[in-house]
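Peer 1: this one's sequence-less:
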């Protein structure tokens, strides 16, 4: 096994200047939820697995006991615009591993003629977000303008983007590939934020000019509502207590 | 010294499609205890040492002061079915090291014609277990069915298996080798759980169709009884206190 | 991408035995602040970017959303004495990465004929410093004597210097390149200490025999004054409390 | 610079089956203190520096401001029995680095014809030791017997020995080089334990059959006496308090 191993499943697809759209585990699991939803709705077809010696040294066990190595997946979609989707179980576990995995993926994307990359992720704001916006960053002026027309927010911006969502556009730029990152706002308190992922999917669908049903994500949002309500109540209660305590009142610490 | 070095002791044995059975240090030391017991009862013969630059950088000192590098061991057993046992002091200490050690072992197993791998380990459940079950996971439908017939449990399952116990079947699958992992349930409170290891040995013996005396593990179980009793009492006492406090009673924090 | 990649921007400049002056992120951000200020005032011209697989695996996002890989920069200045400036976003994130990045930079400096290196940094003293001194260390007797004439302090000295500021002179020495490190005193409580950086710039300007306007750093010092005043008051208050409590008074702990 | 670089100072010495004696920083700094003392008393001559990319990425600064890379040193002594001493600033900072540094040193020792290695270190016991013993471990029966005749203790023994003190004999054994480790008992509370180092030097001198003056270590022991007395008093006071508090007395927390 090489440091990064790309194993094709069946024949190598023929694609014309495919977009690369990435969504891997990360903040609020937003990138993965969004990319998985796009893949599923567009019936993208799996064509390769990616293994890496820098993935966590473990296997995933599915319901029923089936074992599979930690891996990422490449799927393709034939449409007005061809697309390669990068989804999967994991990002690299070391700095060097991140750079090498991204390099290997860019090599592959280049071999297919990719000119533009979109990466999907989350942006942690530290408070409960009612209507999550989608924040953007890009390597290219034109791309920024195009995303603004789709109401991607460029007012707020993170100081940095960690992992594949940042490195794919960043390293792509050195090879002349344009790239943008779309980040759904999220509180940072939730491991999984389907509500924010839904906003990312909506914008990505508009950019691609395709219709995407949101039923699956809507369902996940509904499932989370009780937990979210409780979180909000706890949060409000704390705020209330904070407000009620008069600031003059001395606080006794042990 | 290479990154992973396999040093043969004496002649290379002649084996026919040997099973590979792995039991290295891990959760509750169950894998190691079980594999060591099988090795001993089957009088498996040591034929190679494995050294790795990713093992902890230390030597083991035995009673009497004899120094030996941290190493794993390969032993073989000639029977109805030939077996290679992988046992020893340590697993790799980095993600990459885990992948490379597993690769080297699979290279060796392939060179002997291995077609099936069993890995032995523990599964931490977070509470005291009276009658530990053996949980299974496998890369292959047939193997799952065969294990179920030996009362291996596939209802409960861990989300992932870390280290050699997971990577050997996971990476083996990419080479067309079938693999299964047998995990003895354990509380997670004990560094060493011979009672759980005993269950793993029982099932492995049934799968192999060999008789294994459990005297040595029985002895270890008996030695642990006083400590286990104390642990249980402490545990029950905590439960009692927890139950006695009325839930309506407000708890004051700061 | 190689482990360390140096990407030239336009033509390779022609330089005569250029000094190498380094200022990267570190204690109190002093090295970076000082080198950036020198670069700006001397209108040094960017000629290369440095990328490394040991930099943090992330991109920086600028106001407006533009993405750029984490990178360091090489700029040059033509004067009485030619200078190469090494500035940028980051140092390496692993021990080995530090050695390899420094090696690559020394290779490049040697190819330009560099004979002397100055590195700029901070020296954390653990208390608020009113008039920060500049502490020196060097690989060469002559260089120490020259710096002493510019009132660099060699009485106090750190036991060690971590990162590029130490490795560039240290590894340079093995290649026959002389090197010195200038460290501005700083409390260690501030992420950014422009006041200390200003002292480093003053001395570096004297060594280079160039006039450097300090307006930009003066401005930053002024901006920090309120925060600094508050820090001082908090500090003094603590001292007061400490002094007031009679030492005979027993302190009750639990 | 290679991963491990050995830089000769002047001519390569001619040595006959030299012993290798190692003493690097470690528990209680005992190995380094002991080896430095032996080097100094035997007027061993420096002949090579060792640099490693796995040493901490820093330089050491001496009194007066002179910078030097972190490095280890090889010195030789011509006598009844030739000796190579390995002393210096640091051990490797990663598991792999430890194995590779030890490999490089063994390559060099083999090239000189070394047949026996002694490593010096500390053994942390967790309580104040009045008369520190010297604990031994070795790869070879004969060596154990020889050391026992010099009153090295083989009754107590550590379960493992971490770093160069363990790996040099451990990896040496694979090449047919015999090795032993001598560990001075130490509390583990002191960064530097010259009293324990003195015992190691005494035994090593007897093994080598040379006279070693202990004046320098005696001086260091005397300097530490006040600090040690205070440590002992604090320790005894705690014991007293512990004994005095009746176990029935409830303890109030918070």
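Peer 2: Thanks, I have the structure now. The structure displayed is predicted, hence computed values, not measured ones. Numbering: from 1, shown residues only, chains lettered A, B, ... in the order given.
Peer 1: Residues of the stretch 51-200 of chain A that sit close to chain B?
Peer 2: Contact residues (CB under 8 Å from any CB of the partner chain) of the stretch 51-200 of chain A with chain B: A:51, A:53-70, A:93-94, A:97. (Each C-beta comes from the backbone N, C-alpha and C, glycine too.)
Peer 1: Just the buried subset of those residues, written out for PyMOL, thanks.
Peer 2: The PyMOL selection below is limited to those of these classed as buried (16 or more other CB atoms under 10 Å in any protein chain shown):
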select buried, chain A and resi 51+53+54+55+56+57+58+59+60+61+65+66+67+68+69+70+93+94+97
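Peer 1: Can you find the residue of the stretch 51-200 of chain A that comes nearest to chain C?
Peer 2: residue A:98 (3.3 Å; CB to the nearest CB).
Peer 1: Now residue A:17. Nearest residue, chain neighbours left out?
Peer 2: Among residues not flanking residue A:17 along the chain, residue A:113 sits closest, at 4.7 Å (CB to CB, 6 or more residues apart in numbering or on different chains).
Peer 1: What about that neighbour, how many residues nearby?
Peer 2: Neighbourhood size, residue A:113 [other CB atoms under 10 Å in any protein chain shown]: 11.
Peer 1: Please tell me I have it right and it contacts residue A:15.
Peer 2: Yes - between residue A:113 and residue A:15 there is a contact at 7.2 Å, judged by CB atoms under 8 Å.
Peer 1: what about residue A:235, neighbour count?
Peer 2: Around residue A:235 there are 14 residues (other CB under 10 Å).
Peer 1: Could you grab the helix/strand/coil label for it?
Peer 2: helix (DSSP: H, G, I helix; E, B strand; the rest coil).
Peer 1: picking that back up, keep only those of the residues of the stretch 51-200 of chain A next to chain B that are in strands.
Peer 2: If you go by DSSP state E, those have A:51, A:58-61, A:67-69 in strands.
Peer 1: Can you name the two of those residues that sit furthest apart?
Peer 2: A:51 and A:61 (17.0 Å; CB to CB).
Peer 1: What ranges in the stretch 51-200 of chain A fall below the confidence cut-off?
Peer 2: For the stretch 51-200 of chain A, no stretch is flagged by pLDDT under 70.
Peer 1: Go again with 80.
Peer 2: A:157 (pLDDT under 80).
Peer 1: Where do the strands of the stretch 151-254 of chain A begin and end?
Peer 2: Secondary structure of the stretch 151-254 of chain A, counting by DSSP state E, counting those that start in this stretch: strands at A:160-162, A:178-186.
Peer 1: Equivalent analysis for the stretch 1-150 of chain A, please.
Peer 2: So, for the stretch 1-150 of chain A - with DSSP E, counting those that start in this stretch - the strands run A:4-8, A:19-22, A:45-52, A:58-61, A:67-69, A:72-77, A:83-88, A:116-124, A:134-138.
Peer 1: of all those strands, which lies closest to residue B:139?
Peer 2: Going by CB to CB, the one of those nearest residue B:139 is strand A:67-69, 4.8 Å.
Peer 1: Remind me what that closest one packs against, helices and strands.
Peer 2: Applying 3 or more CB pairs under 8 Å, 6 or more residues apart in numbering or on different chains; DSSP states H and E, we find strand A:67-69 packed against strand A:58-61, helix B:164-173.
Peer 1: what's near enough to touch the closest residue to residue A:136 other than its chain neighbours?
Peer 2: In this structure, residue A:136 finds its nearest non-sequential neighbour in residue A:152, 3.8 Å apart by CB to CB, 6+ apart. Contacts for residue A:152 (CB atoms under 8 Å, 6 or more residues apart in numbering or on different chains) come out as A:134-136, A:182, A:203.
Peer 1: Quickly note the distance from residue A:152 to residue D:21.
Peer 2: Computed as CB to CB, to the nearest Å, the residue A:152 to residue D:21 distance reads 67 Å.
Peer 1: Over to residue A:5?
Peer 2: For residue A:5, the distance to residue D:21 - CB to CB - is 46 Å.
Peer 1: coming back round to it: residues touching the residue nearest to the residue of the stretch 51-200 of chain A closest to chain C when sequence neighbours are not counted, list them.
Peer 2: Nearest residue to residue A:98, sequence neighbours excluded (CB to CB, 6+ apart): residue C:57, at 3.3 Å. Applying CB under 8 Å, 6+ apart to residue C:57 gives the contacts A:92, A:95, A:98-99, A:162-163, A:166-167.
Peer 1: so which of those residues comes closest to residue D:32?
Peer 2: Taking those together and measuring to residue D:32 by CB to CB, the closest member is residue A:95, at 32.4 Å.
Peer 1: so that closest one makes contact with residue C:93?
Peer 2: Yes - counting by CB under 8 Å, residue C:93 is a contact partner of residue A:95 at 5.1 Å.
Peer 1: Give me the common contacts of those two.
Peer 2: Common neighbours of residue A:95 and residue C:93 (CB under 8 Å, 6+ apart) are C:54-56.
Peer 1: now these in CSV, with distance to chain A?
Peer 2: Shown next, in CSV, are those (distance: CB to the nearest CB, whole Å):
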residue, distance to chain A
C:54, 6
C:55, 7
C:56, 6
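Peer 1: All good on my end, thank you.
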